[in-house]
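K.L.:
Below are the sequence and a predicted model for it; my questions follow.
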Protein chains: 6
Amino acid sequence: MMSKRILRLGLPKGSLQEATIEKMAKAGFNISASERSYIPYVDDDELEIRLIRAQEISRYVEHGYLDAGLTGHDWIVENGSKVHEVGEFIFSKVSRQPTRWVLAVPENSPIKSVKDLNGKRVATEVVNITKAYLRRHRVKAEVEFSWGATEVKAHELVDAIVEVTETGSSLRANQLRIVETLLTSTPRLIANQGAWKDNWKRQKIETVTLLLRGALEAEAKVGLKMNIAQKNVAKLLQSLPALRNPTVSNLSLAGWVAVETIIDEHVVRELIPKLKAAGAEGIIEYPLNKVVY
Amino acid sequence: MMSKRILRLGLPKGSLQEATIEKMAKAGFNISASERSYIPYVDDDELEIRLIRAQEISRYVEHGYLDAGLTGHDWIVENGSKVHEVGEFIFSKVSRQPTRWVLAVPENSPIKSVKDLNGKRVATEVVNITKAYLRRHRVKAEVEFSWGATEVKAHELVDAIVEVTETGSSLRANQLRIVETLLTSTPRLIANQGAWKDNWKRQKIETVTLLLRGALEAEAKVGLKMNIAQKNVAKLLQSLPALRNPTVSNLSLAGWVAVETIIDEHVVRELIPKLKAAGAEGIIEYPLNKVVY
Amino acid sequence: MMSKRILRLGLPKGSLQEATIEKMAKAGFNISASERSYIPYVDDDELEIRLIRAQEISRYVEHGYLDAGLTGHDWIVENGSKVHEVGEFIFSKVSRQPTRWVLAVPENSPIKSVKDLNGKRVATEVVNITKAYLRRHRVKAEVEFSWGATEVKAHELVDAIVEVTETGSSLRANQLRIVETLLTSTPRLIANQGAWKDNWKRQKIETVTLLLRGALEAEAKVGLKMNIAQKNVAKLLQSLPALRNPTVSNLSLAGWVAVETIIDEHVVRELIPKLKAAGAEGIIEYPLNKVVY
Amino acid sequence: MMSKRILRLGLPKGSLQEATIEKMAKAGFNISASERSYIPYVDDDELEIRLIRAQEISRYVEHGYLDAGLTGHDWIVENGSKVHEVGEFIFSKVSRQPTRWVLAVPENSPIKSVKDLNGKRVATEVVNITKAYLRRHRVKAEVEFSWGATEVKAHELVDAIVEVTETGSSLRANQLRIVETLLTSTPRLIANQGAWKDNWKRQKIETVTLLLRGALEAEAKVGLKMNIAQKNVAKLLQSLPALRNPTVSNLSLAGWVAVETIIDEHVVRELIPKLKAAGAEGIIEYPLNKVVY
Amino acid sequence: MMSKRILRLGLPKGSLQEATIEKMAKAGFNISASERSYIPYVDDDELEIRLIRAQEISRYVEHGYLDAGLTGHDWIVENGSKVHEVGEFIFSKVSRQPTRWVLAVPENSPIKSVKDLNGKRVATEVVNITKAYLRRHRVKAEVEFSWGATEVKAHELVDAIVEVTETGSSLRANQLRIVETLLTSTPRLIANQGAWKDNWKRQKIETVTLLLRGALEAEAKVGLKMNIAQKNVAKLLQSLPALRNPTVSNLSLAGWVAVETIIDEHVVRELIPKLKAAGAEGIIEYPLNKVVY
Amino acid sequence: MMSKRILRLGLPKGSLQEATIEKMAKAGFNISASERSYIPYVDDDELEIRLIRAQEISRYVEHGYLDAGLTGHDWIVENGSKVHEVGEFIFSKVSRQPTRWVLAVPENSPIKSVKDLNGKRVATEVVNITKAYLRRHRVKAEVEFSWGATEVKAHELVDAIVEVTETGSSLRANQLRIVETLLTSTPRLIANQGAWKDNWKRQKIETVTLLLRGALEAEAKVGLKMNIAQKNVAKLLQSLPALRNPTVSNLSLAGWVAVETIIDEHVVRELIPKLKAAGAEGIIEYPLNKVVY
């Protein structure tokens, strides 16, 4: 008799925790974590979840304490972890962009490029990334670890900071200017290299990845459905490349068809006026849970 | 080269802020406002958002500091603002009704109509609306501005109040009786008269209006889908006016069709028992993001 | 002229209140309860809602103060209430299981079965259920009412507890071991026996039940839609019993059909990889509001 | 060698917990309880604290699981616990009165005295106290246990309630009228009868009682100090009985003395104007930590 | 038989409420206000408290709905209320300064004085104060009522604002520059003119004022006590004017005295090093509840 | 003309912030920090406050960005900062003990001493302290930086942790056993070495230290005052060494004296019963703001 096999998966604790648990639920894995819980309940007896700080997940995946984990590309680089990268995701619905680690200085600082950092002091949470970046540019500067609230330090405690940003608004609010971007980062699902060679674990990891990707795709996409006269369909589709692969089904009313497609949510606001102009009627947009091509 | 054009849009700060941002997101405009932020991030570089008290938006639209704004009909009237009204919306899903500004008095007050206010004192946040109303009824009463908590004043500090209510339950809880309704109000999208004459701005305002209306329509509506034998369709549709314009599509199973329609959410609770009685099977209701006719 | 008839319905106050109001909204009954409110607003003038502790609802339904109520099977048994049970529901999306009242002891306790309780002391919120259970097993033990925080008592204040659990994780966190299960419980909609004999009330109760069941079914289910070549459909359906009753509709592209079905959400994570393997394309999963067979 | 002896003391968990811990700190016992903690840290290695619902403390003191406990007189009576009562305290600074369990009915109820309860239904958290009270008045009524929110029940679910009140304002806010008082209650320190016969435990209990009483006395009292001409002292003291036992000390300024006393805080507001009138100067009031006569 | 007389006192609701209730408690009047309560409990049956917005209190005192009230000088002026001012208080322990209503503009605004406001637009919560101020300086500008968040408006919606500030830090954080001060304001206890002529009410108002002043004095002051050799006393007192009226009492140890005084808390930090230098020993500082000269 | 001189002082941001600001207020320096504020207001124009993470203060004091700072001995050691240590304080009123950084392992771990760590992995926030400690014991182990939640890691992610503890209760709750103590730590006021050589800055630092020490002393101490017959004084004082230096003042009542002293708060609970036994009457304990010997 085969015993039950288990995949141990690390998810980020803290500020990303709620969003991650919500997305895992959309992927089909319901996780129930009481506050401060390190080992939450998950409704899949082939999975064990560990909630760990995003900064540390890649380290424990590398060492095999976790079979796989969800963490940022930035922390994999910062830790120099040797892991197998299975997939990349975009979490943010608002900006639809990767986060960036940027070199920032006060608005009125004389520092205009990384070259101007020679002999200066830089505070950051990503000491290794910053040091490697300075080495690449042959700049000698002191890099110190910042325990937090890095932005306020740029005005008097250090000469520059390397800080993470999504839309840049927090830097602007602190009257800081972005000099250069060191690294862009997105969430990644990573696997321990040994676990990746184990057939069962690899398949389980791929299933989680497939479903999580399907859930995240669905967050950025919507279903769009409309009725249109048969004679107008060709023109509609030609002029609207976003509607490349629609499902066209016949309606009982002769000469009319229903056109249905899946589309990026953020283009809908430009598309709907055009659809109306092309003769579409009864346009509805509906939400999706998963999209798997 | 054309420079980028910008539409400046005022949204209500405070108690309506969260709901408005959520509805704007459904319309396709993702807004990210940190607490106390006056200028939030929006993922459309043709838009600039300002978060302003609902009471003040019409004033700044009139003067052109804002090109357009979302505010209540009540505050447009109270401010006497000369603006172009683009569209009307219903926000409340619970009551599906406009808010009302009503004249209210303690349950045991001798005041039975506006005529009885002669020589009395009235507290309200809408001093101008109240004064105009008294003038129309040729009643002379003192109207004083109330900074809040108006309801408790009716019992000893003034003789009557003019207060806003949706379901009336807060007035009842304060043991107040509604005497008359002065004004009903719904959210409106308004435009500065100059901005409305500018082609680009007008088109942008209309697009926002179209999408916001589509999102709000979708909140009050649902998709309904069911299978039914071909022979029963006609009867089903005749007897159920709510299903006026359904999409009827053929199923692969001979003699059966799928009927799909968009319908007011609040009639579903009466409709589903009737659909079952008419022979419908596999009835499902699904949520919508937008509905554009 | 007929006067308006009213059904008085009790819903659980407290920890289940928010979830219940949300589910009633999905069923089509929008309830607006300000904090601490006993009589909330509902947008159906044939209904009156009372928010009452779950433990007490069956008692007031039995006595006729309420026509119907939503409460747990456990409290109906504990109260020994004579009521008509109309329907059973599953609320929890995470565990998809009934709650259980279990006999629990410290991990290292010598108590291995209910028989070992002779002469011992048991703390519980369900004194009657516990006493009946002991009688059935011919065990004499002292049962005392616990006002809360029952789990910590098992370690020094009493010998065993009878406590409710869903996933068992709270008991494990308190280092308690489950000895036996006394009762499993699910939410029930119950009716006063007189109200159930009144035609109008019975029909209203059945409508609420139908819609609430439809809403709860929809929480555990999703819509699944995919395109597949006509030639592969038969194989797809044979091999996948979960897809028993799909709607197959013709696409305009010759040789291809759209397959659509409603399916348990928790099997999707196993199904999607198989669907891809069977040749399905463009798989989308979408959420449902109601499912009525 | 003597081993360390321990006194196990129960303190009320929940709404009274914070106030009790604060008062114990004033008594000199610093307790540090993390949230949900049943066994908090205390800086006295002769004490072990247990945080238990006030309703249950007397039961566990009676059975000897606790040596002593702080709980209300009401719950000792309700539980019929056989314990030794060591001392009585007043906790409330605002009302300076015991709490009362009262029979209450809607303002317009025909019930005017306990006699009118015959055949009625009463809801309460103190079922035993209520039943005993009815027996004493030879009234037959149904008494049912209320799990909370008792006040709202009086209007339609039962005919009367027995509920606890301090200032009566919550009853008035619910439009209830007090019919009679069943029991007044104050916090008590109680001891297990065996523990009370143990010399070491008894002495430890008495020390805790002495210091807690000293701390509570100090909450209701203040120090008052003033300068006055020697010749006016006698008159001052005669006319002001509240100043019975003042400390009169000589000042270096001939003919003047300092008068200092400890006095009930709530009489100060009437006393100070009189002291000024009697010639006192430089009156200061200062706070106290403990008062032990 | 004399009936009980009552004084009705208005206290500010909202941001100042908690501080006011705390200070009233220090004055000897314990007030217990549940959330949103307009009429709180007070442990003095000669008092009735009303919690009202600070902006409105003077209006209701003027009209006699309240006998007395605690409000800011600014709102008395803004309302133009004819009331008797009984006393002035300083609430803020941090800044020990009155609040100021100031004219403020963006840091880089060309506006340098009130004269530069001609033809401009000003937003403020104190429309009357601002208009009077402009009239005095013969400046014509538009003044509009601001419903809140006034500071963000100065950057684009209006040309200047009139806003309240204590330490100026909120204005600086919004990058605004103070141009001029229109009004300084402190809390005042005011009386209705009729109530002030009623002997009983006047005496009650004076008692409240005396005790409240005593409590507020005590917040800004501390007791200071030290031992010193008799021979050093004269020098100590001469050199330290802050110790003007100390109580000097003899100690049992020959040649030593105890010196005790009441002193402004904020000078202690400069005084203690000097006291040590002058030979004082065992210096202790203790808190006060009330100081009445 | 001398310009105003300024001392820049770093205080710990975060979990210790509120306590530190409260203690600074007791020392006489009122600090008003809005949320997230890095530069708070302080009512002393010779001081500038910076709120910085405790872990970083010593680094910025060493480099001269701050003249002085309040931080833990542990972080000074961890950072290896070269600074002048001005004074040591005890903040915790509950345990009256320094915090300790301890080596901890799961209760059932085979690790019994630091020697058993050879070849193991240790997680900690104090990497340098841990490495130095291992070097001193000639143990080779891997030390990794822990970003938080270190306690849960000891059970499966690493072999041991080095973590901070005050009462040990959090370690016990996580079922960890303390193996050894690496370092005890208390708050220190430190100065930049250059600032310490500047007369004005040194004097200002010493004043802050004197007052802060006075405030902290006062937290652990209380005033005790009692009346006793003259004849009993000698015996009282002899038998009670804690009363070493009391102030004995004569009362107007012949043969009686008042004895007053300052004493450690935590001995009062043992002392009061003895004082009563020795004939003391009217014992009162009062709180102190500052104690300066």
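P.N.:
The structure has been received and is ready for your questions.

K.L.:
going forward, measure contacts and count neighbours with C-alpha atoms only.
P.N.:
Noted.

K.L.:
Give me the pLDDT for the nearest residue to A:Glu85 once chain neighbours are set aside.
P.N.:
Distance criterion Cα to Cα, 6 or more residues apart in numbering or on different chains; nearest residue to A:Glu85, sequence neighbours excluded, is A:Ile190 at 4.4 Å. A:Ile190 carries a pLDDT value of 98.

K.L.:
Neighbours of A:Ile190, how many?
P.N.:
Residues near A:Ile190, counting by other Cα atoms under 10 Å in any protein chain shown, number 30.

K.L.:
ok, now which ones touch it?
P.N.:
Counting by Cα atoms under 8 Å, 6 or more residues apart in numbering or on different chains, A:Ile190 makes contact with A:58, A:61, A:68-71, A:83-87.

K.L.:
Of these, which belong to strands?
P.N.:
A:68-71, A:84-87 (DSSP state E).

K.L.:
buried ones in whichever strand or helix holds A:Ala19?
P.N.:
Assigned by DSSP states H and E, A:Ala19 falls within helix A:17-27. Residues of helix A:17-27 classed as buried by neighbour count (16 or more other Cα atoms under 10 Å in any protein chain shown): A:17, A:20-21, A:23-27.

K.L.:
likewise stretch A:178-196?
P.N.:
For stretch A:178-196, by 16+ other Cα under 10 Å, it's A:178-179, A:182-196.

K.L.:
what about the nearest residue to A:Val126 once chain neighbours are set aside, neighbour count?
P.N.:
Spatially, and ignoring its direct neighbours in sequence, A:Val126 is nearest to A:Glu78 (6.2 Å; Cα to Cα, 6+ apart). When neighbours are counted by other Cα under 10 Å, A:Glu78 registers 17.

K.L.:
Tell me the buried residues in the helix or strand hosting A:Glu78?
P.N.:
For A:Glu78, the element it lies in under DSSP H and E is helix A:73-79. Neighbour-count burial for helix A:73-79, with 16+ other Cα under 10 Å as criterion, is recorded at A:73-79.

K.L.:
Same question for stretch A:137-156.
P.N.:
A:139-144, A:146, A:150-155.

K.L.:
that older thread, now for the helix holding A:Glu78, which elements pack on it?
P.N.:
helix A:54-62, helix A:127-136, strand A:176-185 (3 or more Cα pairs under 8 Å, 6 or more residues apart in numbering or on different chains; DSSP states H and E).

K.L.:
Out of those, which is closest to chain B?
P.N.:
Set against chain B and scored by Cα to the nearest Cα, the helices and strands packed on helix A:73-79 come closest in strand A:176-185, at 17.1 Å.

K.L.:
how near is A:Lys276 to B:Val292?
P.N.:
9 Å (Cα to Cα, to the nearest Å).

K.L.:
Looking at the two, which has the bigger crowd around it?
P.N.:
Shown here are A:Lys276 and B:Val292; by other Cα under 10 Å, B:Val292 has more neighbours (20 against 16).

K.L.:
what about the stretch 101-250 of chain A, any weak spots by pLDDT?
P.N.:
Counting by pLDDT under 70, the stretch 101-250 of chain A contains low-confidence ranges at A:241-244.

K.L.:
thinking again about what came up before, so which of the buried residues of stretch A:137-156 comes closest to F:Ala123?
P.N.:
Taking Cα to Cα as the measure, F:Ala123 lies nearest A:Ser146 of the buried residues of stretch A:137-156, at 18.8 Å.

K.L.:
What residues does that closest one make contact with?
P.N.:
Per Cα under 8 Å, 6+ apart, neighbours of A:Ser146: A:123-125, F:56.

K.L.:
at 10 Å instead, please
P.N.:
For A:Ser146, the contact set (Cα atoms under 10 Å, 6 or more residues apart in numbering or on different chains) comprises A:122-127, A:153, A:161-163, F:53, F:55-56.

K.L.:
returning to what we had before: wait, which of the buried residues of helix A:73-79 is closest to A:Leu134?
P.N.:
Using Cα to Cα, the buried residues of helix A:73-79 come closest to A:Leu134 at A:Glu78, 14.0 Å.

K.L.:
Would you mind confirming that that closest one is in contact with A:Thr130?
P.N.:
Yes. Counting by Cα atoms under 10 Å, A:Glu78 touches A:Thr130, with 8.9 Å between them.

K.L.:
hang on, the earlier thing: going toward the C-terminus from the helix holding A:Ala19, what's the next helix or strand?
P.N.:
strand A:31-32.

K.L.:
Partner strands of that following strand, with direction?
P.N.:
strand A:41-42 (antiparallel) (DSSP bridges).

K.L.:
of all the residues in chain A, which ones are close to chain B?
P.N.:
Proximity of chain A to chain B (Cα under 10 Å from any Cα of the partner chain) is limited to residues A:93-96, A:167-170, A:222-227, A:249-253, A:257-258, A:265-270, A:272-273, A:276, A:280-288.

K.L.:
Buried among these? Need that as a selection in PyMOL.
P.N.:
To isolate the buried ones among the residues of chain A next to chain B in PyMOL, judged by 16+ other Cα under 10 Å, type:
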select buried, chain A and resi 94+95+167+168+169+222+223+224+225+226+227+249+250+251+257+258+265+266+268+269+272+273+276+280+281+282+283+284+285+286+287+288
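
K.L.:
The residues of chain A next to chain B in strands, which ones?
P.N.:
A:222-227, A:249-250, A:257-258, A:281-286.

K.L.:
spatially speaking, which residue is in the middle of chain A?
P.N.:
Centroid-nearest residue in chain A: A:Ile90, 2.7 Å away (criterion: Cα atoms, centre = their mean).

K.L.:
Wasn't that residue part of a helix?
P.N.:
No. A:Ile90 sits outside any helix when classified using DSSP: H, G, I helix; E, B strand; the rest coil, being coil.

K.L.:
Give me the distance between it and chain B.
P.N.:
Distance, A:Ile90 to chain B, using Cα to the nearest Cα, to the nearest Å: 16 Å.

K.L.:
where does that residue fall, phi/psi-wise?
P.N.:
Main-chain dihedrals, A:Ile90, degrees, to the nearest 10: phi -110, psi 120.

K.L.:
quick one: contacts for it?
P.N.:
A:96-99, A:185-188, A:213, A:216-217, A:219-220.

K.L.:
show me the residues around the residue in chain A sticking out farthest from the centre that make contact.
P.N.:
The C-alpha centroid of chain A is most remote from A:Ala254, which lies 45.5 Å away (Cα atoms, centre = their mean). Applying Cα under 10 Å, 6+ apart to A:Ala254 gives the contacts A:229-230.

K.L.:
Same check on A:Leu66?
P.N.:
A:7-10, A:48-50, A:57-60, A:191-192, A:195, F:157.

K.L.:
Just those residues: which are in strands?
P.N.:
A:7-10, A:48-50, A:191.

K.L.:
Filter those down to the buried ones.
P.N.:
For the ones in strands among the contacts of A:Leu66, buried by 16+ other Cα under 10 Å: A:7-10, A:48-50, A:191.

K.L.:
and which of those residues is nearest chain F?
P.N.:
A:Arg50 (10.3 Å).

K.L.:
OK, contacts around that closest one?
P.N.:
Contacts for A:Arg50 (Cα under 10 Å, 6+ apart) come out as A:8-13, A:37-41, A:57, A:66, A:69.
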